[in-house]
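Participant: here is the input, now give the coordinates:
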Amino acid sequence: MRWALVRVCLAIAAMVVVAFAVPLGLVIKEMARDRAFSNAEREAAAVAPALSITTDRDQLEKVVASAGADSGMAVHIPAGEGKAAVDIGRRRAADKDIATVRKLGRASTTEVPGGSVLLQPVALSSGEICVVEVYVPESEVSNGVGTAWAVLAGVGIALIVGSVAVADRLGVRMVQPAQRLVEGAHELGEGKLGSRVPEEGPTELRLAAVAFNSMADQVVQLLANERELAADLSHRLRTPLTVLRLNAASLGDGPAAEQTRTAVAQLEREVDTIIRTAREAKPQTVAAGPGAGCDAAEVVRERMRFWSALAEDEGRKVRVAGVDRPVRIPVARADLVAALDALLGNVFRHTPEGTAFAVDVHNSEDAVIVLVSDAGSGIRDPEAAMARGRGSGSDGSTGLGLDIVRRLAESTGGDVRIGSSMLGGTEVRIWIQLDGREPERRGHRGSVRRRRRGRLVSTFNRSRSLP
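Facilitator: Numbers count the residues shown, from 1 in each chain. Reported below is the predicted structural model:
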């Protein structure tokens, strides 16, 4: 494509140069000829006054010599009244040409060996017509023409070379973005999902690069969402697996009980493998659209009825607060169920039997707090726990529990914090932003929001401490 553009530009430039240079060269040649014959006419006009006064040969020779063209000028005076014809200077024109000019009475030019001659008629005092002959050599007619043509040729070549260089640069500017777009498409087709194309070049190719990069981002996002969906669905199997493990633990001893516990353990390992395999890319949570959401209080009541049965079997005390009236949040019901099951499953998985736990919900104008706390030994390093929740994982943990909770909160502009609960163990605080804005960290508005959040948390803690 690049060389095709160069060839086209070369052909166009050559045609333009030829179209302008050839006529211009002919005009220059004609101008040089006109200049030479104009000089000849001036020389002939210089002797005309003397011819109108006298026809004396000596005087006319002096006039011709003073004109400076004694070698190229001739004067032809016809015979009359007993006088013979007089020819001064070297004759080059034919007699018939001189006779024709004398008869017609107007100037003319004729070709002679080595150049041309100008034949100029002049009226004498006697009424006869004298002919002044001025020789114009070929060198004078073409004087400066060769130099002018050489300059024109140089300018034409320079224009052609310049146009080819410009066309080459334009070709590179057009071809390179197209080549990068082709290479990016091949790389994306080969599975290199990080392949992107620089958004540069002509407008059309730049728009194509923007569209390609947007398409690649969407492909990556779709793959990540698929992996995340597979991981989330697999992780939700942990809830019934927890129930199976607890029930298997209560079967006592015996071959059947041991086989059941082995099968449950193997199933847990397979689910963990599926989750870790699916989570090859950092997941992205899609925020709930307008009108989407659920009643957090209703979801908490429903999930607590499920987990309360297991808690009763293990002798755990359970407390639920803040679910006596509807609490709307901009989160899909399935996502909130998965988050609650992940946190409550961790309580059953990582605390001994008989450990109490609680779930509290508090609602304000712009946020909802969901607290899941237990009376266990607590978490020594909350930051490491959050890092594990981001996917590092450890033995017996897929690293998805807190990650599901974190993504749910961050999709609304909130966050998740781990601390010490009033029961003496771990407290996971889920801050769900109702207006969907990111929490502000700087400036006056940020400080106002932090004070509001502090008052909300303080009020909530005091309400929990009441009997």
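
Participant: how about low-confidence regions in the stretch 151-300 of the chain?
Facilitator: 228, 230-236, 238-239, 270-271, 273-292 (pLDDT under 70).

Participant: can you give me the strands in it?
Facilitator: 294-295 (DSSP state E, counting those that start in this stretch).

Participant: which residues in it form helices?
Facilitator: Under the criterion DSSP state H, counting those that start in this stretch, the stretch 151-300 of the chain carries helices at the ranges 203-236, 238-249, 255-278, 296-314.

Participant: average pLDDT across the top helix by length along the chain?
Facilitator: Longest helix of the chain, by residue count under DSSP state H: helix 2-53. Averaged over helix 2-53, pLDDT sits at 78.

Participant: roughly how far apart are the residue nearest to the spatial centre of the chain and Leu152?
Facilitator: When Cα atoms, centre = their mean is applied to the chain, the residue found nearest the centroid is Glu199 (1.7 Å). Using Cβ to Cβ, to the nearest Å, Glu199 is found at 45 Å from Leu152. For glycine as for every other residue, the C-beta is placed from the backbone atoms N, C-alpha and C.

Participant: Glu111 - that's part of a strand, no?
Facilitator: Yes. Counting by DSSP: H, G, I helix; E, B strand; the rest coil, Glu111 falls inside a strand.

Participant: partner residues bridging it?
Facilitator: Ser116 (DSSP bridges).

Participant: on the pLDDT front, check it for me.
Facilitator: On the pLDDT scale, Glu111 gets 86.

Participant: look up the closest residue to Trp431, ignoring the ones flanking it.
Facilitator: Spatial nearest neighbour of Trp431, chain neighbours left out: Gly414 (3.9 Å); criterion: Cβ to Cβ, 6 or more residues apart in numbering.

Participant: the stretch 351-467 of the chain: strands as residue ranges?
Facilitator: Ranges of strands in the stretch 351-467 of the chain, per DSSP E, counting those that start in this stretch, are 357-363, 367-374, 415-420, 426-433.

Participant: buried by neighbour count: which residues of the third one qualify?
Facilitator: Yep, that's strand 415-420 we're talking about. For strand 415-420, burial by neighbour count (16 or more other Cβ atoms under 10 Å) applies to 416, 418.

Participant: now the nearest residue to Arg245 once chain neighbours are set aside: how far from Ser308?
Facilitator: For Arg245, ignoring the flanking residues on the chain, the nearest one in space by Cβ to Cβ, 6+ apart is Val264 at 5.1 Å. According to Cβ to Cβ, Val264 stands 22 Å off from Ser308.

Participant: looking at these two, which one has more neighbours?
Facilitator: Val264 (19 against 13; other Cβ atoms under 10 Å).

Participant: any idea how far Thr242 is from that one?
Facilitator: Distance, Val264 to Thr242, using Cβ to Cβ: 10 Å.

Participant: likewise for Asp360?
Facilitator: According to Cβ to Cβ, Asp360 and Thr242 sit 22 Å apart.

Participant: so between these two, which is more surrounded?
Facilitator: With neighbours defined as other Cβ under 10 Å, Asp360 and Thr242 compare such that Asp360 has more, 23 against 20.

Participant: tell me what that one is bridged to.
Facilitator: Ala321, Leu371.

Participant: report the buried residues of stretch 181-199.
Facilitator: Buried, per 16+ other Cβ under 10 Å, within stretch 181-199: 181, 184, 187-188, 195-197.

Participant: pretty sure Val337 contacts Arg301?
Facilitator: No. The pair Val337 and Arg301 does not pass the contact test of Cβ atoms under 8 Å, sitting 11.9 Å apart.

Participant: what about these two, which has more around it?
Facilitator: Taking other Cβ under 10 Å, Val337 and Arg301 do not tie; Val337 has more neighbours (19 against 15).

Participant: for that one, what are its contacts?
Facilitator: Counting by Cβ atoms under 8 Å, 6 or more residues apart in numbering, Val337 touches 299, 303.

Participant: helix or strand: which one has it?
Facilitator: Here Val337, judged by DSSP states H and E, is contained in helix 333-350.

Participant: what residues does stretch 354-364 touch?
Facilitator: Under the contact criterion Cβ under 8 Å, 6+ apart, stretch 354-364 has outside partners 296-297, 300, 304, 311, 314-323, 327, 340, 344, 347, 351, 368-376, 421, 423, 425, 456, 459-460, 463-464.

Participant: centre of the chain to it, how far?
Facilitator: Distance of stretch 354-364 from the chain centroid (Cα atoms, centre = their mean, to the nearest Å) equals 52 Å.
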